[in-house]
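Visitor: Sharing a model prediction with you, sequence too.
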Amino acid sequence: MTKLSVNINKIATLRNARGGNLPDVVKAALDCEEFGAQGITVHPRPDERHIRYADVRQLKPKLTTEFNIEGNPIPQFNALVFEVVPAQVTLVPDGPDVLTSNSGWDTKNHKAFLQDVIGKFKEAGIRTSIFVDADPEMIFHAAETGADRVELYTESYAADYEKDAAKAIAPFVRAAEAAGEVGLGLNAGHDLNLDNLKYFNENIPGLLEVSIGHALIADALYFGLHNTIQMYRGLLNIYK
């Protein structure tokens, strides 16, 4: 069954907009776990515009589910990951000026760099995942970096889903099959929501985990956090 990891960045964005500690990011993460989240994801950026490095340090000893830290493996980020030692680190090639993650790694041209970084994370006992586009070539090269998993960047699927769901998901099915061929675990995330998640989950072979933040937190404004997490869990509650 595909696991749901809740990305709590937007909770931190709301807190930072006013100052102080409301909402409490750590409490929100623990509530997400209590309400059914099977993991917590954070993406600390250098400018700390949402999740702060201090949040990551405070979260680690209190979480009871899988902790996934996403980010660009710059020295500052790497030092934080080695200090905290999460269950998983997801490497994302986003620059400091982007609003949100907007592309996967070119694993062919950055292979040597990724091999070096991933080797060090694995020595520390941290599972590694690489954020990639739905491109079998990039997945084949990702396997040569020593990564444990890839996370498919699903923005294009979400953008095209309502126009033609079968066409939108086709490259992701091929990418998932490629991951299976080379023995990589498979995660996915970005713009997955209550409308498009069920179809994606039903059609992607070997999908282990989805990381969802923006849409889930937005839905929680209407449905409540507990109910929303249960709604997302319900869409993933099939065995494949």
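Guide: That came in fine, so what should we check first?
Visitor: do you know how far the residue positioned nearest the centre of the chain is from T65?
Guide: Nearest to the mean C-alpha position of the chain, counting by C-alpha atoms, centre = their mean, stands S211 at 4.0 Å. Noted for S211: a distance of 13 Å to T65, by C-beta to C-beta, to the nearest Å. In this view, the C-beta of every residue, glycine as well, is placed from N, C-alpha and C.
Visitor: Which neighbours do these two have in common?
Guide: Common contact partners of S211 and T65 (C-beta atoms under 8 Å, 6 or more residues apart in numbering): G39.
Visitor: what pLDDT, on average, does the lengthiest helix in the chain get?
Guide: As assigned by DSSP state H, the longest helix anywhere in the chain is helix 165-181. Helix 165-181 shows an average pLDDT of 98 in the prediction.
Visitor: other SSEs contacting whatever helix or strand comes next after that helix?
Guide: Downstream of helix 165-181, the first helix or strand assigned by DSSP states H and E is strand 185-189. Where contact means 3 or more C-beta pairs under 8 Å, 6 or more residues apart in numbering; DSSP states H and E, strand 185-189 is packed against strand 149-153, helix 165-181, strand 207-212.
Visitor: what lines up beside the shortest one in the sheet?
Guide: When sheet partners are counted by DSSP bridges, strand 149-153 sits next to strand 127-132 (parallel), strand 185-189 (parallel).
Visitor: Run the chain-centre distance for that strand.
Guide: 8 Å (C-alpha atoms, centre = their mean, to the nearest Å).
Visitor: Which positions within it qualify as buried?
Guide: Neighbour counts over strand 149-153 (16 or more other C-beta atoms under 10 Å) mark R149, V150, E151, L152, Y153 as buried.
Visitor: Correct me if wrong: the second one contacts N187.
Guide: Same thing as V150. Yes. Applying C-beta atoms under 8 Å, one finds V150 in contact with N187, separated by 7.1 Å.
Visitor: okay, and the common contacts of those two?
Guide: S129.
Visitor: ok, back up a step: same list, the helices and strands packed on strand 185-189, but as a markdown table with distance to Q230 please.
Guide: Listed next are the helices and strands packed on strand 185-189 as a markdown table, based on distance: least, C-beta to C-beta, whole Å:
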| stretch | distance to Q230 |
| --- | --- |
| strand 149-153 | 24 |
| helix 165-181 | 24 |
| strand 207-212 | 13 |
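Visitor: which of those is buried the deepest?
Guide: strand 149-153 (a mean of 26; mean count of other C-beta atoms under 10 Å).
Visitor: low pLDDT regions in this structure?
Guide: Within the chain, the segments meeting pLDDT under 70 span 95-102, 238-240.
Visitor: could you dump the strands paired with strand 149-153 to JSON lines with distance to A29 and mean neighbour count?
Guide: Below are these laid out as JSON lines (distance: least, C-beta to C-beta, whole Å; neighbours: other C-beta atoms under 10 Å):
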{"stretch": "strand 127-132", "distance to A29": "19", "mean neighbour count": "24"}
{"stretch": "strand 185-189", "distance to A29": "17", "mean neighbour count": "23"}
